[in-house]
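Q: have a look; sequence and predicted model below, questions after that.
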Amino acid sequence: MLKLKICLVFMIFAAVFSTTKAQEIIATDGKSTFVGDTHVSYTIGEPVIGTRSVGNNVVTQGYNQPEIEIISVKEEKMNPQLGIQIYPNPTHDYVNITPQNFETGSFMVQIFTVGGQKVLEESFEEAGIKLDVSSLVSSNYILIVTNAEENYNHNFKLVKSF
């Protein structure tokens, strides 16, 4: 009889104190409130973050995780015949940029540092351009060529050597 009472007490204790908490955060501060129809929540100072997955199940720990909703994905059709020739690469003082198989249009070339700072920007026509890069320091750069008329955008790695 004593074993039955102990078992019953344990089951009642387990039922009362074993609730499932799906979204629980350990943080120094945070709040959740409604502003009009919008739910706003934030946390400050979460000590541990990470994501683990097993099969199709993904568990993310840390930061407030919103529900994922994909609205749409835009698929861009690119003409495989279109192309840009960049030479010489690596370069010392200039780089030739020659469009291939474009009908008409103007082009824009931009050069960025690997940190994202724009260091050069030039416009040119479909005949191409000999771009002076002698003022740039020796480093790796990202060269982006765009053509709005053909919906063309391509990135290149440009190496400026001594």
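A: Looks like it arrived, so ask away.
Q: report pLDDT for Phe13.
A: On pLDDT, Phe13 comes in at 76.
Q: surely it forms part of a helix?
A: Yes: if the criterion is DSSP: H, G, I helix; E, B strand; the rest coil, then Phe13 is within a helix.
Q: now the spatially closest residue to Gly105 that is not a sequence neighbour: how far from Gln110?
A: Closest residue to Gly105 apart from its sequence neighbours, by Cβ to Cβ, 6 or more residues apart in numbering: Glu149 at 3.6 Å. Using the backbone N, CA and C atoms, a C-beta is placed for each residue, glycine as well. Here Glu149 is placed at a distance of 17 Å from Gln110 (Cβ to Cβ, to the nearest Å).
Q: strand partners of the helix or strand where Val95 lies, parallel vs antiparallel please.
A: Taking DSSP states H and E as the criterion, Val95 maps to strand 94-100. Neighbouring strands of strand 94-100 in its sheet, by DSSP bridges, are strand 83-87 (antiparallel), strand 129-132 (antiparallel).
Q: which other helices and strands contact the following helix or strand past it?
A: Past strand 94-100, further along toward the C-terminus, the next helix or strand under DSSP H and E is strand 106-113. With contacts taken as 3 or more Cβ pairs under 8 Å, 6 or more residues apart in numbering; DSSP states H and E, strand 106-113 sits against strand 94-100, strand 118-125, strand 129-132, strand 139-147.
Q: mind running it again at 7 Å?
A: strand 118-125, strand 139-147 (3 or more Cβ pairs under 7 Å, 6 or more residues apart in numbering; DSSP states H and E).
Q: tell me the most buried of those?
A: strand 139-147 (a mean of 17; mean count of other Cβ atoms under 10 Å).
Q: now do that strand and strand 83-87, the angle between them.
A: Counting by axes from the mean of the first three to the mean of the last three Cα atoms, to 10 degrees, strand 139-147 lies at 150 degrees to strand 83-87.
Q: so how far is Thr98 from Glu69?
A: 44 Å.
Q: more crowded one of these two?
A: Legend: neighbour count by other Cβ atoms under 10 Å for Glu69 and Thr98, higher for Thr98 (15 against 5).
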